[in-house]
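[1] predicted structure and sequence below. I'll ask about it afterward.
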2 protein chains.
Amino acid sequence: MKDVAVAAGVSVMTVSRAFKEDSSVKRETRDHIRQTAEALGYVFDGTASNLRMKRSDFVAVIIPSVNSANFADTVRGLSDVVEARGRQILLGNSDYDVSREEKLIDQLLRRRPEAIVLTGGRHTSRARKLLVSAGIPVIETWDLPEEPIGHVVGFSNAATMEAMVAHLVTSGRRRIAFIGGDASSDTRGADRRRGFVRAMQAHGLAADHLVGIGTPPASMTKGAEAMKQVLRNLPDVDAVVGVSDLAAFGALTECMRQGILVPDQIAIAGFGAYEIASVSVPALTTIDVRPREIGHRTGRMVLSILDGDGAAFPQISKIEPMLTLAESAP
Amino acid sequence: MKDVAVAAGVSVMTVSRAFKEDSSVKRETRDHIRQTAEALGYVFDGTASNLRMKRSDFVAVIIPSVNSANFADTVRGLSDVVEARGRQILLGNSDYDVSREEKLIDQLLRRRPEAIVLTGGRHTSRARKLLVSAGIPVIETWDLPEEPIGHVVGFSNAATMEAMVAHLVTSGRRRIAFIGGDASSDTRGADRRRGFVRAMQAHGLAADHLVGIGTPPASMTKGAEAMKQVLRNLPDVDAVVGVSDLAAFGALTECMRQGILVPDQIAIAGFGAYEIASVSVPALTTIDVRPREIGHRTGRMVLSILDGDGAAFPQISKIEPMLTLAESAP
DNA sequence: TTGAAAGCGCTAACAC
DNA sequence: GTGTTAGCGCTTTCAA
């Protein structure tokens, strides 16, 4: 900046002002400075500015994995909103692991983000301490934590899965299997499984057809493998619910390979409203938790807390998941 | 840090040293300082450190979209490598738009990243100027640019598609349609389409069955719609190639809905080796461009340029895509 | 092994 | 409308 100032024949302060939109610099002076800067290949140093202004324009976001379309959608919705207002997303993958999440929180906080968005409501106790003492807005998403740290944009994974079971039972299914949700690290998957078990019991049905798929994320391939087990070991099953659409679609493909008719012999339902659910043949009955809306709403929440009236949003903003019926489990 | 220093009864300099791994501080002093810091809820300010050290530990990455599994895989591979060495990824989505890419480059460079990774080899001229004058390593990926700015980790989209066409022709297909690649903004898609046309002509076949799907990214839904057009307008087609597996799978589902046998009546091939390709029934013949390997290799390249002997990597590192044959086009 | 002074590149606050 | 001074929180440098 000093170089630009010398080259333009002004003080550094004037150069600084010339780069701010609404500051008092003569038009000609500003134009001249900007041209000089461009010619010199000068790029503004945000690092120094951040230090001085105590304002990083970063919003930290931790998701389990960028490789999951649903979490990617949430990040996308979030970044669309906050980037339009000059903020930048600082993204971290926790790999469905709370201790990795703790490390990430530590690392990200060093960058002095102005807010931090988390996926899920389970964290290590040190992570909670770090978050609280950071003194910035904390938003937990994709869940309704029992003890929220700050704000929340989410839904109950368990209750949502209960609605799905209710639908299957209403449509006449009785011997329903659940694929996924066994890994303790995927708390949302485990919650869905818990909701499944609870709903089955509430309907007086046996909830003993639980097929794990191991470490998250649930994939199509793992869903297909799990379905093989179901067909081998649980021949009386008349419906299968996947912890996600990916697992459900995998299960569907295994049925296709074995000549089992869906939904005539076995109904299949998923979770998440991935694109595959609407395109597959048969299309999958699923639950749309509106990941992008989670992101948008979180973004607007962050901005309203940061820039304006934090009171515009309630502390807990509930997403209403929608049951989407399709051919696989009408 | 000053607070910690006062609380621990030492100078700020000693506190600073206590947080570095390999500096000369007495064990007891260091332990005492770290405890004091933890108790005070002190979090190291990376911003100030970066300013002073002129070292941000950021690697900037621009991809067309996080919502594409393949690009997400590349980012994942890259971050696995560079984060293990203390760097953090600064991610931006260009939305397949070079002018948005230019804006992003400008924004990201303000954060003073130590290297920048781009997707593709087409950029605005101002973007090129910014990249060159930034004086940091620039790595272009997912393509083999005609005029590389710096390093490259990629493959030829056109040549790879030519290999796919060669396979289809060898297996007896003659009237082959191509779905996608019409949007000028998706240069990789357009390159694949160009490769398709070139290969068809080289085999003496008509390359006039081109069905566009509009703005990227190619989706399953758009692939299904395009297949509807193919079946309506081009009844003689005996094979279809999708610009990506998503489009190809969409096309497959449309065939299933219309009772058209794949591959007996129409063969279908995709591009990208998404999970859907191996799981779908029939499984899709596709091309594995190894997105994660692109990320890994790019990461290792960045680190070797930054930390050590930059000479360890050639300027252009070619990825060899692999043709993966499956049921849909054996 | 520890400390004091100087400064990274920018901007708030105050002159003029 | 523009310039001067001081300082954001850290680390380099030099001295003790």
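    Alright, I've got the coordinates.
[2] only C-alpha atoms for contact and neighbour calcs from this point on.
    OK.
[3] quick check: residues of the stretch 201-330 of chain A near chain B?
    A:220-221, A:250, A:253, A:256-257, A:275-276, A:279-281 (Cα under 8 Å from any Cα of the partner chain).
[4] let's see which of those end up in helices.
    A:220-221, A:250, A:253, A:256-257, A:275-276, A:279 (DSSP state H).
[5] max pairwise distance over those residues: which two?
    The distance between the two most remote of these (Cα to Cα) is 21.6 Å, for A:R257 and A:E275.
[6] neighbouring contacts of whichever strand or helix holds A:V4?
    Using DSSP states H and E, A:V4 sits in helix A:2-8. Helix A:2-8 is contacted by residues A:11-12, A:14-15, A:32-33, A:36-37, A:40, A:42 when judged by Cα atoms under 8 Å, 6 or more residues apart in numbering or on different chains.
[7] quick check: of the ones in helices among the residues of the stretch 201-330 of chain A next to chain B, which lies closest to B:T119?
    When those are compared against B:T119 (criterion: Cα to Cα), the nearest one is A:E275, at 24.4 Å.
[8] pretty sure that closest one sits against B:M220.
    Yes - the pair A:E275 and B:M220 qualifies as a contact (Cα atoms under 8 Å) at a distance of 7.3 Å.
[9] list buried residues within the ones in helices among the residues of the stretch 201-330 of chain A next to chain B.
    Neighbour-count burial within those applies to A:220-221, A:250, A:253, A:256, A:275-276, A:279; the criterion is 16 or more other Cα atoms under 10 Å in any protein chain shown.
[10] now pLDDT and distance to B:G295 too, for those residues, in TSV please.
    Supplementary listing: these in TSV, determined by pLDDT from 0 to 100; distance: Cα to Cα, whole Å:
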residue	pLDDT	distance to B:G295
A:M220	98	23
A:T221	98	23
A:G250	98	27
A:T253	98	30
A:M256	97	35
A:E275	98	25
A:I276	98	26
A:V279	98	30
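[11] tell me the contacts of the spatially most central residue of chain A?
    Most central in chain A under Cα atoms, centre = their mean is A:F71, positioned 3.5 Å from the mean C-alpha point. Going by Cα under 8 Å, 6+ apart, A:F71 touches A:63-65, A:291.
[12] so which of these belong to helices?
    A:P291.
[13] top of the contacts of A:F71 by neighbour count?
    Of those, A:P291 is surrounded by the most neighbours, 27 neighbours in total, counting by other Cα atoms under 10 Å in any protein chain shown.
[14] pull the contacting residues for that residue.
    A:70-71, A:73-74, A:77.
[15] thinking again about what came up before, of the contacts of helix A:2-8, list those near DNA strand C.
    Taking Cα under 7 Å from any atom of the strand as the test, DNA strand C is in contact with A:V12 out of the contacts of helix A:2-8.
[16] so of the contacts of helix A:2-8, which ones are in strands?
    Using DSSP state E, no member of these falls within strands.
[17] got a quick PyMOL command for the buried subset of the contacts of helix A:2-8?
    In PyMOL, this line selects whichever of those come out buried by 16+ other Cα under 10 Å:
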select buried, chain A and resi 12+14+15+32+33+36+37+42
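[18] check the contacts of helix A:2-8 against chain B, which are close?
    Near chain B, by the rule Cα under 8 Å from any Cα, you find none of those.
[19] same list (the contacts of helix A:2-8) but as TSV, adding pLDDT and distance to A:T286.
    Listed next are the contacts of helix A:2-8 as TSV, based on pLDDT from 0 to 100; distance: Cα to Cα, whole Å:
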residue	pLDDT	distance to A:T286
A:S11	93	62
A:V12	94	59
A:T14	94	58
A:V15	94	56
A:H32	93	59
A:I33	94	57
A:T36	94	58
A:A37	94	55
A:L40	93	56
A:Y42	94	52
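[20] closest to DNA strand C out of the contacts of helix A:2-8?
    The closest of these to DNA strand C turns out to be A:V12 (Cα to the nearest atom of the strand; 5.5 Å).
[21] residues touching the closest one, list them.
    A:1-2, A:4-5.
[22] out of these, who has the most neighbours?
    For the contacts of A:V12, neighbours were counted using other Cα under 10 Å, and A:V4 has the most, 23 neighbours in all.
[23] for A:D45, see how far away that one is.
    13 Å (Cα to Cα, to the nearest Å).
[24] compare the contacts of A:P291 and tell me which has the most neighbours.
    Counting by other Cα under 10 Å, top hit in the contacts of A:P291: A:T74 with 26 neighbours.
[25] you'd agree A:S133 is up against B:L40?
    No - contact criterion Cα under 8 Å: A:S133 and B:L40 do not qualify, at 9.0 Å.
[26] secondary structure element for A:T286?
    Here A:T286 is assigned to strand A:286-288, by DSSP H and E.
[27] parallel or antiparallel, list what pairs with that strand.
    The strands beside strand A:286-288 in its sheet (DSSP bridges) come out as strand A:322-324 (antiparallel).
[28] now do the strand it pairs with, average pLDDT.
    What strand A:322-324 shows for mean pLDDT is 98.
[29] contacts for it?
    By Cα under 8 Å, 6+ apart, strand A:322-324 touches A:163-164, A:273, A:285-289.
[30] got it, and stretch A:158-177?
    A:191-196, A:198-200, A:203, A:205-211, A:230, A:236-241, A:287, A:321, A:323, A:329-330.
[31] now which of those would you call buried?
    Using 16+ other Cα under 10 Å as the burial test, these include A:191-196, A:198-200, A:207, A:209-211, A:230, A:237-241, A:287, A:321, A:323, A:329-330 as buried.
[32] so which of these are in strands?
    Per DSSP E, the subset of those in strands is A:210-211, A:239-241, A:287, A:323.
[33] need these in JSON lines with distance to A:T298, can you?
    JSON lines is the format used below for those (distance: Cα to Cα, whole Å):
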{"residue": "A:L210", "distance to A:T298": "34"}
{"residue": "A:V211", "distance to A:T298": "34"}
{"residue": "A:A239", "distance to A:T298": "35"}
{"residue": "A:V240", "distance to A:T298": "33"}
{"residue": "A:V241", "distance to A:T298": "29"}
{"residue": "A:I287", "distance to A:T298": "20"}
{"residue": "A:L323", "distance to A:T298": "22"}
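[34] farthest pair in those?
    Spanning the widest gap among those are A:V211 and A:L323, at 22.8 Å by Cα to Cα.
[35] rounded mean pLDDT for the host helix or strand of A:M164, please.
    Here A:M164 is covered by helix A:157-170, with elements defined by DSSP H and E. For helix A:157-170, mean pLDDT rounds to 98.
[36] same check on stretch A:134-151?
    For stretch A:134-151, the mean pLDDT works out to 97.
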